[in-house]
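**Q** Predicted model and sequence below, questions to follow.
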Number of protein chains: 2
Amino acid sequence: MSILSIVPGYEPEDNPGRRKGKGAARMALRHAVLAALLDEELSGYQLAKSFGLGVANFWQAVPQQLYAELPKLEREGLVAGRKVVQEGRPDKRVYRVTDLGLAELERFAAATDKPSVIRDDLMVKVQAADHVDTGILIARLTERAALAQARIELFDKLLRTMRGDATEEEYLRHGARIGPYLTCLRGLAFERGNHAWYERTVAVLRERGGSGGDVSQAVP
Amino acid sequence: MSILSIVPGYEPEDNPGRRKGKGAARMALRHAVLAALLDEELSGYQLAKSFGLGVANFWQAVPQQLYAELPKLEREGLVAGRKVVQEGRPDKRVYRVTDLGLAELERFAAATDKPSVIRDDLMVKVQAADHVDTGILIARLTERAALAQARIELFDKLLRTMRGDATEEEYLRHGARIGPYLTCLRGLAFERGNHAWYERTVAVLRERGGSGGDVSQAVP
DNA sequence: GGCGGATAGTCAGTGAATTGAGTAGTCAGT
DNA sequence: ACTGACTACTCAATTCACTGACTATCCGCC
C-alpha cells in the first residue's frame, strides 16, 4: 500500500452548484469560441487561424470543430453570422457575439469549474522512466524543450505586441483587454515551467547514465 | 488584423513519424494505465483510487474508464489479471504489466507526441475578463488558489514520502523509481505556477476595481 | 496551361471521455 | 431492523475531440 494510503482517493465530485441534470455538463468549446469572438468579428476560417493565440494557448481545436460549432451557436442565438461577399476570393460568413452570448458567458463564468490538470503523453513516458529506455526519453524531452522555447518566444512577442509602449505594470493597471494579456501570461509561465522541467529531467536522466531499461537486472 | 498577423497560423500537423493510418491516433489512457501498474499490482478499484497520484496528476480517469480498459489490455496481452479471493469483502481481480506490455510502453515512448497545452475553463473565463463581472472571476480564482494550495501540500507530502530520508538531490541521483518522482515534481511546479498566477490575476483585477463588465461604458 | 497554395468551408466517422444508474456483499452504528 | 459507507464492479448512453477526405474559387508562378 505504502504511498497509496496518503492520497485522498476518488471522490464522486459532489459539486453542489453544478447542474447535473440531463445532457449539459461541461460544454466546453462553445465558450472558448465565444471568448475568442469577443474582441473581433471573425469567420470560421479566421477563427481557426487565430485560435492559437487569443484563446488557444489553453484551448485548441481543429477547423472542423469550429465550423461545426459556429452554426450551432448561431442557432442558439449566442452569435450572429453575417455573410460577407468578397471579390477575388470566396465569400465568407463572419460572426460576432450577441447580447445573449454575452449573458451565456456570464452564466458560464459564474459556475465553479473542475480544476485543470496537465494531460500529457510525455509525462506518462517519464512516469515509466525506470522501465523504458533512457535515451529515448532524453530525445523526447529535448524535442519538447526546443518547442517550449519557441512558444516562450512567441508568447513574449505577443505580450509585447499587446502592451505596446507601456510596461507590463502599466498595461495591467490601465490597458484595455487585459483578459487576453492575463491568459497569455499564464501560457508563458506554463511554458517556462515546462522548459525548466524538461531540462532538469534530462539532466537527471543523463547523470544516472545507464541507457536505462529494466531496473531488475541493474546489478552487473 | 493587428495581432492576428504575428501568429504562425494553423498547420496541418505534418508529423512524419506518426502512424496516421486507420483508427489509431492517440490511444492515450491505456499507456497511462500501464505506467500506473508498473510498480504495483493493482485491482481496478485500487487503480481508480490511486489514479490521482502516481499517474494521475497529469492523467485523470473515472473508474468506469479503468474498468473498461483493463480487460481490453488483458485481451491484448499487455497486462495479466489474477483473481484474488478475499474474505470479509468481495473478490477482486488484480493486474500486472506483462513483458508485452512493457514492450508496448517502450514503443509508445519512442513515438514523438504533440505538445501539451493547458485546457481550462477558468482560462476561458479570464480571457473574457473585460466583458464579464470581475467579482465572479475573483471568486473563481480564489477558489482555485485554495485548491492549488492544497495540491501543493499534497505533492510536497508525496515527494517527501517517496524520497524518505534522502535529500532531493540524493534521491534523484541514486533513488529507485525516479519516474514517479519526476512527474510529481512537474505537478508541484505546475500547481505553484497556477497558484502564483491566480493570486496575481486576482490582484490585478482588484486593482482595476470597477466590478467590471462592459468596457464600452467604462468612463464615468 | 497546369501546379501549388491560400481562402473558405463541408461531411462522415471513430474512439475517447464523461455521465448516470445499478448490482452485490460486508461492516459499523443507532 | 434499517441506514449509510466502503469495497468491487458492470451496463448503457451521450457527448467530445479529433482525423481524414472532400469541394470550390481565385491567385501567382514558371
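**A** Good, I have the coordinates. Residues are numbered from 1 along each chain as shown, chains lettered A, B, ... in the order given.

**Q** For A:Gly88, give me the pLDDT.
**A** In the prediction, the pLDDT value recorded for A:Gly88 is 80.

**Q** I'd like to know which elements the helix or strand of chain A with the lowest mean pLDDT is packed against.
**A** Lowest on mean pLDDT, DSSP states H and E among the helices and strands of chain A sits helix A:44-50, with a mean of 87. The elements that helix A:44-50 packs onto, with contact taken as 3 or more C-beta pairs under 8 Å, 6 or more residues apart in numbering or on different chains; DSSP states H and E, are helix A:29-37, helix A:63-75, strand A:92-97. (Each C-beta comes from the backbone N, C-alpha and C, glycine too.)

**Q** Swap in 7 Å and give it another go.
**A** helix A:63-75 (3 or more C-beta pairs under 7 Å, 6 or more residues apart in numbering or on different chains; DSSP states H and E).

**Q** is DNA strand D contacted by the helix it packs on?
**A** Yes. Residues of helix A:63-75 are located near DNA strand D by C-beta under 7 Å from any atom of the strand, namely A:64-65, A:68.

**Q** Do you know the pLDDT at the residue nearest to A:Gln65 when sequence neighbours are not counted?
**A** Excluding its sequence neighbours, the residue lying closest to A:Gln65 (C-beta to C-beta, 6 or more residues apart in numbering or on different chains) is A:Leu29, at 6.2 Å. For A:Leu29, the pLDDT comes out at 87.

**Q** can you check A:Met1 too?
**A** 38.

**Q** Check chain A and tell me which residue is nearest its centre.
**A** The centroid of chain A falls nearest to A:Phe58 when counting by C-alpha atoms, centre = their mean (1.7 Å).

**Q** would you say A:Ala176 is within a helix?
**A** No. Membership of A:Ala176 in a helix is not supported by DSSP: H, G, I helix; E, B strand; the rest coil, which gives coil.

**Q** which residues in chain A form helices?
**A** All helices of chain A, identified by DSSP state H, fall at A:29-37, A:44-50, A:63-75, A:99-110, A:121-127, A:134-163, A:168-174, A:178-207.

**Q** Least confident of these, on average?
**A** helix A:44-50 (a mean of 87).

**Q** near DNA strand C at all, that helix?
**A** Yes. Counting by C-beta under 7 Å from any atom of the strand, DNA strand C has neighbours in helix A:44-50: A:44-46, A:49.

**Q** Just the CA trace of that helix, in CSV.
**A** Extracted in CSV, the C-alpha atoms of helix A:44-50 (Å, rounded to 0.1, in the frame of the first residue of the first chain):
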residue,chain,number,x,y,z
GLY,A,44,-14.7,30.3,-39.2
TYR,A,45,-11.5,30.3,-41.2
GLN,A,46,-10.0,33.3,-39.5
LEU,A,47,-11.0,31.9,-36.2
ALA,A,48,-9.3,28.6,-37.0
LYS,A,49,-6.1,30.5,-37.8
SER,A,50,-6.2,32.8,-34.8
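
**Q** Distance from the chain centre to that helix, please.
**A** Here the centre of helix A:44-50 is set off from its chain's centre by 16 Å, with C-alpha atoms, centre = their mean, to the nearest Å.

**Q** cool, and stretch A:172-187?
**A** Centre-to-centre, stretch A:172-187 and its host chain are 16 Å apart (C-alpha atoms, centre = their mean).

**Q** tell me which residues in it are buried?
**A** A:172, A:175, A:177-187 (16 or more other C-beta atoms under 10 Å in any protein chain shown).

**Q** what residues are up against the residue of chain A found nearest DNA strand D?
**A** For chain A and DNA strand D, the shortest gap (C-beta to the nearest atom of the strand) falls at A:Gly88, measuring 3.2 Å. Listed by C-beta atoms under 7 Å, 6 or more residues apart in numbering or on different chains, the contact set of A:Gly88 is empty.

**Q** what does the one 4 residues further on give?
**A** Counting by C-beta under 7 Å, 6+ apart, A:Lys92 makes contact with A:43, A:45, A:84, A:86.

**Q** Need the pLDDT of it.
**A** On the pLDDT scale, A:Lys92 gets 91.

**Q** do the same with A:Ser5
**A** 45.

**Q** Distance to chain B for the buried residues of stretch A:172-187 - can I get that in TSV?
**A** Formatted as TSV, these follow (distance: C-beta to the nearest C-beta, whole Å):
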residue	distance to chain B
A:Leu172	5
A:Gly175	10
A:Arg177	5
A:Ile178	6
A:Gly179	4
A:Pro180	6
A:Tyr181	9
A:Leu182	5
A:Thr183	5
A:Cys184	9
A:Leu185	7
A:Arg186	5
A:Gly187	7
